[in-house]
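*Asks:* Just the structure for this:
(2 chains)
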Amino acid sequence: MLSAATVDEIEARHPDLFKGVSRRSVIGWLTTAGVVAYAVFAWWFFSIGAVLAGGNWSIAGSYLADWVSYETRPTITFENSRLSVSYPRFSAYRPDRQPDWVTLEGETEPGTATRILLDMRGTTIDIVPQQVRVDHDGEILVLDIGPGEEVHPRGSLPAWASQKEPGGRVPLDFGFKGRIDVEGDEVKVRQRFWGWENFFFDANSPFWGKSFGQVMALIVSGERIDPAHSNLSLAWDNIVNNAEWQHGDVWLKLLQTIVMAFVGTVLASLLAFPLAFLAARNITGSRIVNQVTKRLFDFLRAVDMFIWALFFTRAFGPGPLAGISAIFFTDTGTLGKLYSETLENIDDRQREGIRSVGAAPILVQRYGVLPQVMPVFLSQSLYFWESNTRSATIIGAVGAGGIGLKLWEAMRTNTDWENVAYMVLLILMVVYVFDGVSSSLRRRLMGHS
Amino acid sequence: MNASISEAGLAVEQHWRDLAGRRRLYSLAGLALFFLAMGGSLWFANETSAGKFWDRLPYFFDFVDQMTPRDATEVGRALFDLPSPYDDGSLKFNYPEGRVELAHGLYLPEYVYKMVETINIALTATLIGFSLGFVLCFFAASNLVTRRWLRFFVRRFLEILRAFPEIVIAGFFLAVLSLGAVPAIIAVAIHTTGALGKMFFEVVENADMKPDEGLRAVGASWLERVRFGIVPQVMPNFLSYGLLRLEINVRASTIIGAVGGGGIGEELRLAISRNHEAKTLAIVLLLLITITAVDQLSAVLRRKLVGEQAFAFGAG
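*Replies:* Modelled structure (predicted):
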């Protein structure tokens, strides 16, 4: 440990070491205080605390779970001495098509029974008229349904069940795998399964519910399901037109986004190329032309891509043309600026060499300038192609079409989070592949510098 | 045939010709491929757009029309919330209604207020992202953390944060927290954490390890080594990247604003879709000024912090 005296001694010998130390530490503390003060201001300005507290966090959990799992929701209704099972409107199941974990006993017509057994992975529910018996990991709960549609649990309630008022409904919570709502007139069941439901075939397809092996067997050697088409083309058609996942449409929109980025960047490069020569001080002599072109670049760049997208969506309607135009306008500015800066930094000796042998001005550019800048230009364009693939998704969401718009629509419904997950996955894959292609091309162009 | 070239010389020339021929062939094939891709793309884009290119081309410069108010001074009135002589009670000319009263008779024009809100969204998100990225980056740097699994885990985590489209995070939090600025802040902050975290740990990995060695020699703890050995040398670069991110985030907050995240973005979307020329032009001008000002300010600061290095990108 240094004593104060030693510190003083060192300071006397090396005064430069200590110069500005206290000033720097004051600046450091002031900056910290400023940041903290700003954080407090932001907390107040956006009332972050109130917004976070008012958020619907319980639903956030189920939204997140929807990304990678799905629920099947039978509702069992008490009808005098019988029970009937129904499913939500767009469910794959119907009264005459029950999932295998729902067993109906004494079924007279589809969906009505005298006793219903539900098997929820370690939890069994036995429903007869006037009584629901639940066995959850060995703990047994019996609920009697009274004549006035009230629910009476026998004995005390286990930790996974609750009842707010005597005779009222009893929700049972089994964590991730599902929950059950026992009410006086019906039992609402939700069982959650991992994975994406009906990803390949929707419930209207003849291939629905078949295993991969069965589908392959049908395609290879099965009899034609639809006499007009082979099973292979029928299966493909069913996948592409899957009503829940809309594969065909999603792929089309993804392709639109890719095309938007590609065409937009190419057109911007093509226009920026000649303009950059006008903007470069060392190529075009006229200061006025330089300045006008450069300010044009600045304007195109500063009016953001998203603003252009809003305007062109009005002109072309949602679709790739709006996105292409937006990327084209913005990137003509960005690439023009970068190109002209590259041109202004070229090595002048090559140009002088060509000029000294009496070449025409256009040939001076062709042989004295282009070979130097072309790899850099291409590399810069590739870089923006890559980054535009991401931006195209975002401007799509404000109306320019493509996968962004589809993604945004899926999110707004609040029920299709699994479709959101699917599209995000596709986008990430595309971005990953294009990143790889673009950076390997750029590495080749630029050599190994 | 020139007699002065030797046999070996002829072989070299022949070889050169072969190479040049092959190169030309590759160039032609590349060009053909390019034109094919371009033609196909253009056809596809036109085919799948709601409005066809040739039908809609006359409307291409409609945006000029959409930004031309009835008279030039109208823009000023829209921008500063002054009463308009054309006021007919419609939304188009109701400029004074947007005033944000600060005190009696003193007000902030609506769009200026919204712009300030957007800037604050960007600033708050950048601060949060900067802080989180700052904390995380040291655990991802191979010269500071020897445990491979920890580095791997932190890097993948940052990658996920970065790769996730902001618009999806915003959409999710808009559903949970309802419309407003907080979802936008969260979305931008999450993306910023990933983006800055990656740049930060690359800076840390390139840091000079001599101060670190000195501190290690006198028995400093890991935290002290990071604080006194690494942070002082990486801080200018960190701040420079943070400022660059702020520029990007101002634009990102505007976009997220347009889809429900508050701020000026939403006003712009409404103004354009309702055909309010003066309002549109006022907002576009305001955005133009703000974005340019933020860019310039950040450029000046970054040049001060790290010199010309701050502007080299896309070249490697």
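*Asks:* burial measure for residue 93, as a count.
*Replies:* Using chain A. Other residues near residue A:93 come to 18 when the count uses other Cβ atoms under 10 Å in any protein chain shown. Using the backbone N, CA and C atoms, a C-beta is placed for each residue, glycine as well.
*Asks:* let's do chain B instead
*Replies:* Around residue B:93 there are 21 residues (other Cβ under 10 Å).
*Asks:* Ramachandran coordinates for residue B:222?
*Replies:* Backbone torsions for residue B:222, taken as degrees, to the nearest 10, come to phi -60, psi -40.
*Asks:* what about it, distance to residue B:213?
*Replies:* Residue B:222 sits 14 Å away from residue B:213, going by Cβ to Cβ, to the nearest Å.
*Asks:* Residue A:279 and residue A:290 touch, don't they?
*Replies:* Yes - contact criterion Cβ atoms under 8 Å: residue A:279 and residue A:290 qualify, at 5.7 Å.
*Asks:* Same drill for those two, tell me which one is more crowded.
*Replies:* A count of neighbours by other Cβ under 10 Å puts residue A:279 above the other of residue A:279 and residue A:290, at 26 against 19.
*Asks:* which residues touch that one?
*Replies:* By Cβ atoms under 8 Å, 6 or more residues apart in numbering or on different chains, the residues touching residue A:279 are A:289-290, A:293-294, A:297, A:336-337, A:340, A:343.
*Asks:* among these, which are in strands?
*Replies:* Using DSSP state E, no member of the contacts of residue A:279 falls in strands.
*Asks:* The residues you listed into CSV, with extra columns for pLDDT and distance to residue B:253?
*Replies:* Putting the contacts of residue A:279 into CSV (pLDDT from 0 to 100; distance: Cβ to Cβ, whole Å) gives the following:
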residue, pLDDT, distance to residue B:253
A:289, 94, 36
A:290, 92, 34
A:293, 94, 30
A:294, 92, 27
A:297, 93, 24
A:336, 95, 26
A:337, 92, 23
A:340, 93, 29
A:343, 91, 34
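*Asks:* Chain neighbours aside, what residue packs nearest to residue B:249?
*Replies:* Spatial nearest neighbour of residue B:249, excluding adjacent residues (Cβ to Cβ, 6 or more residues apart in numbering or on different chains): residue B:122 at 4.0 Å.
*Asks:* List the contacts of the one you found.
*Replies:* Residue B:122 sits in contact with B:188, B:246, B:249-250, B:252-253, where contact means Cβ under 8 Å, 6+ apart.
*Asks:* of the residues you listed, closest to residue B:284?
*Replies:* residue B:250 (14.7 Å; Cβ to Cβ).
*Asks:* element containing the closest one, please.
*Replies:* For residue B:250, the element it lies in under DSSP states H and E is helix B:231-256.
*Asks:* Mean confidence (pLDDT) on that helix, please.
*Replies:* Helix B:231-256 carries an average pLDDT of 91.
*Asks:* what's the following helix or strand after that helix?
*Replies:* Following helix B:231-256 in sequence, per DSSP H and E, is helix B:264-273.
*Asks:* which helices and strands does the helix or strand just after that next one pack with?
*Replies:* Per DSSP H and E, the first helix or strand lying C-terminal to helix B:264-273 is helix B:277-306. Applying 3 or more Cβ pairs under 8 Å, 6 or more residues apart in numbering or on different chains; DSSP states H and E, one finds that helix B:277-306 contacts helix A:287-302, helix B:73-80, helix B:110-140, helix B:231-256, helix B:264-273.
*Asks:* Can I get the ones you listed in TSV including distance to residue A:412?
*Replies:* Listed next are the helices and strands packed on helix B:277-306 as TSV, based on distance: least, Cβ to Cβ, whole Å:
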stretch	distance to residue A:412
helix A:287-302	30
helix B:73-80	30
helix B:110-140	21
helix B:231-256	14
helix B:264-273	15
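*Asks:* Looking at those, which is nearest to residue A:159?
*Replies:* helix B:110-140 (36.4 Å).
*Asks:* Flag every buried residue along that closest one.
*Replies:* B:110-130, B:132-134, B:136-140 (16 or more other Cβ atoms under 10 Å in any protein chain shown).
*Asks:* So for it, mean pLDDT?
*Replies:* For helix B:110-140, the mean per-residue pLDDT is 94.
*Asks:* Next secondary structure after it?
*Replies:* Following helix B:110-140 toward the C-terminus (DSSP H and E): helix B:148-163.
*Asks:* Let me see the domain layout of chain A.
*Replies:* A:16-55, A:71-194, A:247-446 (automatic domain parsing).
*Asks:* Show me what from the stretch 201-350 of chain A comes close to chain B.
*Replies:* For the stretch 201-350 of chain A, the residues in contact with chain B (Cβ under 8 Å from any Cβ of the partner chain) are A:252, A:255-256, A:259-260, A:262-263, A:266, A:298-299, A:302-304, A:306-308, A:310-312, A:314-322, A:324-325, A:338.
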